[in-house]
Each structure stands twice: as C-alpha cells, then as structure tokens.
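*Asks:* Below is the sequence, then the predicted model.
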Amino acid sequence: MTAPEPLQPSFPEAIEISGQWLALWEAGELSDEVLADRVAELVASRDGARGFFVVALAGDSPLMDRLPEPVALQLRLAGAPVVDLMVRNLAMSTAMAVHHGRSGDSSQQKGSQRVQHRSRELLQLLEPATVKQRLEILLAAARDGQGDDVAFLERWGYDAAQKSAIAEAIDAVAD
C-alpha cells in the first residue's frame, strides 16, 4: 500500500476547502487536532497556504483570533514558507489600510486592519529566528529601499507613507 498523494489544491480550491473546514470547526464538527492536520496538508503547498490564509485572515472565522495550539504548532512546523506568506500579508494589509483610509472607505480599512492584526499575532507565534530574519529583509526594503523585497514593494506601487506604515507594523511584531 502506498501513501496517499499529498494535497495539492489550486488557489481557488484551497479557498473553498478552507472555508468548508473552518465552518465545520466552528460548528464543533471538526476537532482542533483534525483541523490542525488538515491545515498542515494545505500549507504544505504555496497555493494551499495562500488559499488558507485568505480565508483565515480576511474571513469572519474566529480561528485566527483564538488559534488552537495544535493549529499553531502545525503552522510553526510549516517553517519559512508560512513565515514568508505572513510577512507579505502583514505588508499588504498594512499598505491597504493606509490606502482605504485615504479613500475614506472605513469598512475596507477595518478589514485590512483585522488582517494586519491577525498577521502580526501569528508572526509572534511562529519560529522567532525565521520571523526576525524575514522581517529584517522587508524592513530594509521599506525603510532603506534595499534588499530582496524592493521588487515586491515596487510591484504593488506602495508609496512612502505606505512603506513607513509597513516599517511601523514590523516594529510592532517585536513589541
């Protein structure tokens, strides 16, 4: 008997799967441990992780606000790929909160701030040395315009105020 193929969902499939699993978890039909195992399968692929975090960070599920230890452990074990996604989510949600604030869209701004808060909280639970190293790369790009994340910030067209807010968000992770 061979081991089952690992879960390799597309990004849209991962969003759908995540929504279903979180609904079952919220209804008490999925234990913390089973959810943790399923999340581990999803975050093993980049599209799976992206889909999961779209639902978990931006959605109405309370998962990220009261993260069960088994799920936190699986996210920690997933290592650098999850840290990278969370750092990018922190940057993007921070920049979008600034953007929505400028345009007077308080509802969207609150949503971006929720993603920012959840991202920051999760980063504090992940492997500290990996998080610190990844945040330093983003900070160098945001503050000094140097390093590997310059292209990331430029691709999204973030301006000086957004980069400054990103740098402040990075500092808040350490606090």
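*Replies:* Sure, I can see it.
*Asks:* residue closest to the middle of this protein?
*Replies:* Relative to the mean C-alpha position of the chain, the nearest C-alpha, by CA atoms, centre = their mean, is the one of Met86, at 3.5 Å.
*Asks:* Please name every helix or strand in contact with the helix or strand Leu135 falls within.
*Replies:* Following DSSP states H and E, one finds Leu135 within helix 128-144. Applying 3 or more CB pairs under 8 Å, 6 or more residues apart in numbering; DSSP states H and E, we find helix 128-144 packed against helix 80-103, helix 150-155, helix 160-174. All C-beta spots, glycine's among them, are computed from the backbone N, C-alpha and C.
*Asks:* Please name whichever of those is nearest to Gln8.
*Replies:* Judged by CB to CB, the one of those that comes nearest to Gln8 is helix 80-103, at 14.1 Å.
*Asks:* Could you list the buried residues of the closest one?
*Replies:* Of the residues in helix 80-103, 82-101 count as buried by neighbour count, 16 or more other CB atoms under 10 Å.
*Asks:* Contacts for the helix or strand following that helix next, please.
*Replies:* For helix 80-103, the following helix or strand on the C-terminal side (DSSP H and E) is helix 106-123. Identification of contacts with helix 106-123 by CB atoms under 8 Å, 6 or more residues apart in numbering yields 56-58, 64-65, 67, 72, 75, 83, 86-87, 89-90, 93-94, 96-97, 100-101, 131, 135, 169, 172-173.
*Asks:* follow-up on the earlier one: please verify my assumption that the residue nearest to the centre of the chain contacts Phe53.
*Replies:* Yes. Contact criterion CB atoms under 8 Å: Met86 and Phe53 qualify, at 7.5 Å.
*Asks:* Relative to Asp144, how far out is the residue lying closest to Ala95 once chain neighbours are set aside?
*Replies:* Nearest residue to Ala95 in three dimensions, chain neighbours excluded: Gln162, at 4.1 Å (CB to CB, 6 or more residues apart in numbering). Counting by CB to CB, to the nearest Å, the gap from Gln162 to Asp144 is 15 Å.
*Asks:* again with Pro68
*Replies:* Distance from Pro68 to Asp144, by CB to CB: 38 Å.
*Asks:* Next one: Ala172 relative to Gln124, how far apart?
*Replies:* 10 Å.
*Asks:* now the protein, which segments are flagged as low pLDDT?
*Replies:* Within the chain, the stretches with pLDDT under 70 are 1-7.
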